[in-house]
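Visitor: next one to model:
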Amino acid sequence: MARSNPGLLLGLLLLRLTWCVAVDGGGVEEGGFVFPVVVSTWPFREAVRAAWDVVKTGGAGGSAVDAVVAGCSACEELRCDGTVGPGGSPDENGETTLDALIMNGKTMEIGAVAAMRYVKDAIMAAKLVMEHTGHTLLVGEKATSFAISMGLAGPTDLSSPESIEKWSNWRQNNCQPNFWKNVAPAGNCGPYHPINIPKDPVKSAVWEDQGITCQEWLQNDNLLEPTSSHFNSVNRHNHDTISMAVIDKMGHVAVGTSTNGATFKIPGRVGDGPIPGSSAYGDDEVGACGATGDGDIMMRFLPCYQVVESMRLGMEPRDAAVDAISRIARDECVSLRVAIMFARNECVQATRTGKKLG
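Guide: Next up, the predicted model:
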């Protein structure tokens, strides 16, 4: 199914002290900003608490990397929103696969796994890639073999009764909506074959299909489930990622993500979660960014890398976020939610907005 002018749910992770767990004393103070700090997308409180329990401990506290791993692991165990860890987001074949990333802002080392099958500890597998290989990203069954060889539990069925039921209902609905475009049969399950692409395809926006304006669509959550068969709805419960950022007591930065990807994705699809600079990016010298949204769009623009580099050049965090989103949204109608981010010495919040940018 074609996505025509989709509403991009994009959360850029900026630090806002009232949304995260703040200092416990004994931390580093820099420009009035006191470490450690833990922040995450969405109200995944248990994940934030798990990270905080690591980063606040001991004289110097636990490391930012260990805190991010603990937080994302907690979300995987809890299956946050059904979008993180095993048991959610079945692909077209009914299988759940996992993506994860960890980045050390002190060394700029990165580890990631993508489309990993049969191992539930995705963020731990990503950390093993970072610490025990010279690579950045391992994928598919080879990522599974690596993780098991390094001591993680598996093979394990990552599906659940809930994910299988969701998949079965989708199949009964003729596999609608889905992620195919320019194929036949358009309104049924595959197998699919390509059709000729019009030289000048006409785009039909989801809000136009419903007889409403872009602004009305953005401002009414009840309209996020469109009537158009040519739109795969993007919302918190069918695509999302936990993106977490931590500054430890020594002032070091780490970021991480974990997700089971887009619901009913084409098998083999990898989203933005394990892609450095798209879902997350961090640098001790600058700060960090995390993002959640339509990963297939976000990977085209690497918004988190853009935000961090803009802040490095002196741009204010809020301005850096708006700039990154504007690059994505030149011709799109955008729903901006959960906009939080951090620079090393500044806390800001970008509130929800909906507008045509460009």
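
Visitor: so what does whichever strand or helix holds residue 102 touch, helix or strand wise?
Guide: Using DSSP states H and E, the secondary-structure element containing residue 102 is strand 98-104. In terms of contacts (3 or more Cβ pairs under 8 Å, 6 or more residues apart in numbering; DSSP states H and E), strand 98-104 is packed against helix 64-78, strand 110-116, helix 122-132, strand 253-259, strand 280-283. C-betas here are computed from N, CA, C, even on glycine.

Visitor: got a markdown table for the ones you listed, with mean pLDDT, mean neighbour count and distance to residue 303 too?
Guide: Listed next are these as a markdown table, based on pLDDT from 0 to 100; neighbours: other Cβ atoms under 10 Å; distance: least, Cβ to Cβ, whole Å:
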| stretch | mean pLDDT | mean neighbour count | distance to residue 303 |
| --- | --- | --- | --- |
| helix 64-78 | 96 | 26 | 19 |
| strand 110-116 | 98 | 27 | 17 |
| helix 122-132 | 99 | 24 | 20 |
| strand 253-259 | 96 | 32 | 13 |
| strand 280-283 | 94 | 29 | 9 |
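
Visitor: residue 161: which of these is closest?
Guide: Distances from residue 161 to each of these were compared by Cβ to Cβ, and the smallest falls on helix 64-78, at 17.0 Å.

Visitor: specify the angle between the closest one and strand 98-104 in degrees.
Guide: What separates the directions of helix 64-78 and strand 98-104 is an angle of 160 degrees, with axes from the mean of the first three to the mean of the last three Cα atoms, to 10 degrees.

Visitor: just the CA trace of helix 64-78, in PDB.
Guide: Presented in PDB, the C-alpha positions along helix 64-78 are these (Å, rounded to 0.1, in the frame of the first residue of the first chain):
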ATOM      1  CA  ALA A  64      25.600   5.600  30.900                       C
ATOM      2  CA  VAL A  65      25.900   2.600  28.600                       C
ATOM      3  CA  ASP A  66      25.000   0.100  31.300                       C
ATOM      4  CA  ALA A  67      22.100   2.400  32.300                       C
ATOM      5  CA  VAL A  68      20.700   2.500  28.800                       C
ATOM      6  CA  VAL A  69      21.000  -1.300  28.500                       C
ATOM      7  CA  ALA A  70      19.200  -1.800  31.800                       C
ATOM      8  CA  GLY A  71      16.400   0.600  30.800                       C
ATOM      9  CA  CYS A  72      15.800  -0.900  27.300                       C
ATOM     10  CA  SER A  73      16.100  -4.400  28.800                       C
ATOM     11  CA  ALA A  74      13.300  -3.600  31.200                       C
ATOM     12  CA  CYS A  75      11.100  -2.400  28.400                       C
ATOM     13  CA  GLU A  76      11.800  -5.600  26.400                       C
ATOM     14  CA  GLU A  77      10.900  -7.700  29.400                       C
ATOM     15  CA  LEU A  78       7.700  -5.700  30.000                       C
END
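
Visitor: any idea how far the closest residue to residue 272 other than its chain neighbours lies from residue 178?
Guide: On the basis of Cβ to Cβ, 6 or more residues apart in numbering, the spatially nearest residue to residue 272 that is not a chain neighbour turns out to be residue 295, at 3.3 Å. Remark: distance between residue 295 and residue 178 (Cβ to Cβ, to the nearest Å) = 16 Å.

Visitor: neighbour-wise, which of the two wins?
Guide: residue 295 (27 against 21; other Cβ atoms under 10 Å).

Visitor: the more buried one and residue 278 touch, don't they?
Guide: Yes - Residue 295 lies in contact with residue 278 (Cβ atoms under 8 Å); the separation is 7.1 Å.

Visitor: overlap in contacts, those two.
Guide: Between them, residue 295 and residue 278 share the neighbouring residues residue 272, with contact defined by Cβ atoms under 8 Å, 6 or more residues apart in numbering.

Visitor: residue 195: neighbour count?
Guide: 12.

Visitor: which non-adjacent residue is nearest it?
Guide: In space, not counting the residues next to it along the chain, residue 195 is nearest to residue 184; the distance is 5.2 Å by Cβ to Cβ, 6+ apart.

Visitor: next one: residue 140
Guide: On the basis of Cβ to Cβ, 6+ apart, the spatially nearest residue to residue 140 that is not a chain neighbour turns out to be residue 115, at 4.9 Å.

Visitor: let's verify residue 159: helix, strand, or coil?
Guide: Secondary structure for residue 159, judged by DSSP: H, G, I helix; E, B strand; the rest coil, is coil.
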